[in-house]
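> sequence? don't have it. structure:
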Ligand SMILES: Nc1nc2c(ncn2[C@@H]2O[C@H](COP(=O)(O)OP(=O)(O)OP(=O)(O)O)[C@@H](O)[C@H]2O)c(=O)[nH]1
Ligand SMILES: [Mg+2]
C-alpha cells in the first residue's frame, strides 16, 4: 500500500470537516456520516499495520474449528461431532496486534460490538458477541476467524446466518471448507454467492476435506464445482488456491493436526500462500466502490466549499466597499481654507522676492474678493441640485462631526445587519470583481432563481447594486459587535475628530513636497500671471470642495472640478472645487488652479482617508474583516490540499 494514499485518506478525513466548519457549508449529518464511513470502513483497513482478515467458513461439522485450531496453534475452538458447535465468531489475533487496542476495536467494527477475550471454550456454544484468542505462534499479520456454520436449521431458517454475514463482512478473504457430502449443496454455495454480491467480491481458498483415495484430479473437479457455484464464470479469477485435507482419524482423535496439501501438489504451502496475499490490493478491490463513493461525496463537499468561499469573498468585497464609501461620506467636506492657507504659507516661504513685495502692498487682494461674491450664488445652485454639497469652510468642524455620525451609524448598521447593500460602478476594479463573482456563483448554483447574492443594474449596466447576505463565517464576529454599545463606539470615534481636522506633520511634509514640485515646474508656468500665485492666500475663503461618487458629470460645465481619479481605487470620484467661472478668473488661471488643487486635495484625502478608515476598523469592522480574510486565506490553501489528496486517492481506483 502506498503510504501516500493512506496519508491522503487521513488528510481528507481531517480536513473536510475543518473546511465545513470554517466555511459553514453542508449539513452536519451529511459530514458526520461521511466521516463515519471513512473512519470505520476505509482508514483502518488501509492502514499499513492492519492485518489480513481471513474467515474460515463452511457448513456444519465440516472441520472449520479443527482447521482454526491448527492454524492458530492451540486448541481453543470447541470441536465436536454435532454440527452447529460454534454459535459465535472467534477471532485469533496475533499477540502484537492485541497490544494495539485500536486494531482490535477496528476488527469488530462490522459487529457493532466490542471484542472480549475468550475465557472458556463453552462460551462459543451459546450465541453472543464475538470473542478472541491470542495467537502467539502464527503469522504476525493474519487474523483468523472461526465462524458458525451457515447451514444448520430447517426450512430456510438458518440459525447463524446473521452472525456469519457479519464475520464475512469483516474479512478480506474466505477459507471455505467443504466435504464430499456438501460440495454439491446449492444452498451453501448460493449463500456464499449472495454474500459475495452483497458485500463485495472476496477471493477464497477452497479446502476439501476429502477421502485419501480421491485423486487430485477429482479434488480439483469437485472444488471447481464449488467455485462455480460461488463465483459463476469468474471462478478462476477469484480462487486463491485449492487444498485438500485428507480424512484422518488421528485428527479426530486429536493426535495430529489437520494437514493441508496443495492441489496440484506443486502449488505453494497453505501458510505461504496466505502470507503472499496482497492485502492492500485486495482491500482496494473490496473497498474500491466505497472509496469511489467517498470521493464523490468529497467532490460535492468541495463544490459547496468553493461556493461558500466565493460568497465569503463577495461579502468581504461588499463589506470593504461599503466601508470605503462611508469613509468618503465622513470626508464629504474638504476644509479648503485650512489646507490652502497652510499650503499658501508653505508656498509663500519660497516666494520670489518681488511677489513677497506685492503681497505686502496688498495690490493682489481685490481679485479674490470678487471671486468670493460670485461663489455664494453658485454654491446655492449646487445644493439645490443635491449633487454636490459645498462646504461651509467656517463650520468645517461641525460639518465633519455630522458627516462622521452619519457615516458611523450607517456603517455600523450594515456591519451588524443581515445583508450588505452597496452600489458601485463597473469601472471600479473591486466592483468588477464582485460582478464576476456573482456571475460565477450563478453558474455554480444552477440556473434557478438565486436568492443570494442579488444584483440590480442601472445606467446601461454600468452601475450595479449588490445585495449580499452576511456570510455565516462572520456571524460570530457580528454577534460580538452587536453586543457592544453603539453609543460608546460613536463616542470613541468622535473623540478623535480633532485629529481629523488637524494638519499633521506628515501631511505638512507632503504639502511641502508638492510646493517644491510646483516650483520645479515654474518654468512651464511662467506665463501665468503672478497675481494667481499671490491670490492663493485668500482664495480658500471662496472655495468649497465636496465630492460625489458618480459615473456621470455631476456639475456640468460650471465651476472648477477636480477629478481625483485613481484615488481610493474609485475611478469616478470627483473633488469639486466651487469656484464659479463667472468671475474674472482668466481661463489660464482657472486651468492652473485645477492643476494645483488636484494634488493638494489629493494629499489631504489620502491622509484623512487612511485615518478615518483606521478609526472605523478599530471600532467597528476590524474583527469581521480579519475573520473573513483569515478564513479566505486558510480555506483557499486547504481546498488546494484537499484537491491534491483527492487526486492521490483517485489514482488508487482502477
Ligand atoms: N476423521 C477426521 N475427522 C475430522 C477431521 N477434521 C475434523 N474432523 C472432525 O469433524 C468433526 C467436526 O469438526 P469441527 O472442526 O468441529 O467442525 P466445524 O466446522 O467447526 O463444526 P461446527 O462449528 O459445528 O460448524 C470433529 O469431530 C472433528 O474431530 C479430519 O481431518 N479427519
Ligand atoms: Mg466449529
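Happy to help now that I have it. This is a predicted model, so every value here is computed, not measured. Residues are numbered from 1 along each chain as shown. Ligands and ions are numbered 1, 2, ... in the order given.

> which residues touch residue 107?
Listed by C-beta atoms under 8 Å, 6 or more residues apart in numbering, the contact partners of residue 107 are 53, 91, 93, 115, 143, 170. From N, CA and C alone the C-beta is placed, and that goes for glycine too.

> how many residues are close by the last one?
It refers to residue 170. Counted with other C-beta atoms under 10 Å, the neighbours of residue 170 add up to 23.

> contacts only, for it.
53, 55, 107, 108, 109, 110, 111, 145.

> quick one: which two of those residues are the most distant?
55 and 109 (14.7 Å; C-beta to C-beta).

> which one of these two is surrounded by more residues?
residue 55 (26 against 16).

> and of the contacts of residue 107, the nearest to ligand 1?
residue 91 (14.9 Å; C-beta to the nearest ligand atom).

> neighbours of the closest one, how many?
Residues near residue 91, counting by other C-beta under 10 Å: 28.

> in contact with it: list those residues for me.
Counted by C-beta under 8 Å, 6+ apart, residue 91 has contacts 107, 108, 115, 130, 131, 132, 133, 143, 144, 145.

> quick one: low-confidence parts of the stretch 501-650 of the chain?
522-590, 592-593 (pLDDT under 70).

> quick one, helices of it?
505-520, 530-535, 587-616, 622-652 (DSSP state H, counting those that start in this stretch).

> and ligand 2, which of those helices is closest to it?
Across the helices of the stretch 501-650 of the chain, ligand 2 has its closest neighbour in helix 622-652 (37.0 Å, C-beta to the ion).

> may I see the buried residues of the closest one?
By neighbour count with 16 or more other C-beta atoms under 10 Å, helix 622-652 contains the buried residues 623-625, 627-628, 631-632, 635, 638-639, 642, 645-646, 648-649, 652.

> of those residues, closest to residue 184?
residue 652 (39.7 Å).

> and the buried residues of helix 622-652, which two are furthest apart?
Largest pairwise distance in the buried residues of helix 622-652, by C-beta to C-beta, is 43.1 Å, between 623 and 652.

> can you list the residues of this protein near ligand 1?
Contact residues, the chain versus ligand 1 (C-beta under 6 Å from any ligand atom): 60-66, 79-81, 83-86, 149, 209, 245, 247-249, 251-252, 258.

> identify the residue spatially nearest to residue 79, adjacent ones excluded.
residue 65 (4.9 Å; C-beta to C-beta, 6 or more residues apart in numbering).

> next SSE downstream of the least confident helix or strand in the chain by mean pLDDT?
When the helices and strands of the chain are scored by mean pLDDT, DSSP states H and E, helix 366-385 comes last with a mean of 38. Scanning forward in sequence from helix 366-385 by DSSP states H and E, the next helix or strand is helix 396-416.

> ok now the following helix or strand past that following helix, how far from the chain's centre?
The C-terminal neighbour of helix 396-416 among helices and strands, as given by DSSP H and E, is strand 419-425. Distance, stretch centre to chain centre, for strand 419-425: 25 Å (C-alpha atoms, centre = their mean, to the nearest Å).

> strand 419-425 pairs with which strands, parallel or anti?
Strands that pair with strand 419-425, judged by DSSP bridges, come out as strand 463-469 (antiparallel).

> can you list the residues that contact stretch 299-318?
16, 19-20, 23-26, 31, 34, 420, 422, 430, 433-434, 437-438, 440-441, 444-445, 452-453, 466, 468-471, 473-474, 625, 628-629, 631-632, 635-636, 639, 642-643, 646.

> now that stretch: buried residues?
Buried, per 16+ other C-beta under 10 Å, within stretch 299-318: 301-302, 304-318.

> output the below-cut-off pLDDT ranges for the stretch 251-400 of the chain.
Looking at the stretch 251-400 of the chain by pLDDT under 70, you get 336-337, 350-395.

> so how far is residue 59 from whichever residue of the stretch 501-650 of the chain sits closest to ligand 1?
Going by C-beta to the nearest ligand atom, ligand 1 is nearest to residue 649 of the stretch 501-650 of the chain, at 39.7 Å. To residue 59, residue 649 is 40 Å away according to C-beta to C-beta, to the nearest Å.

> just the buried ones from the residues of the chain next to ligand 1?
60-66, 79, 84-86, 149, 209, 245, 247, 251, 258.

> span of stretch 38-58 from start to end?
31 Å (C-alpha to C-alpha, to the nearest Å).
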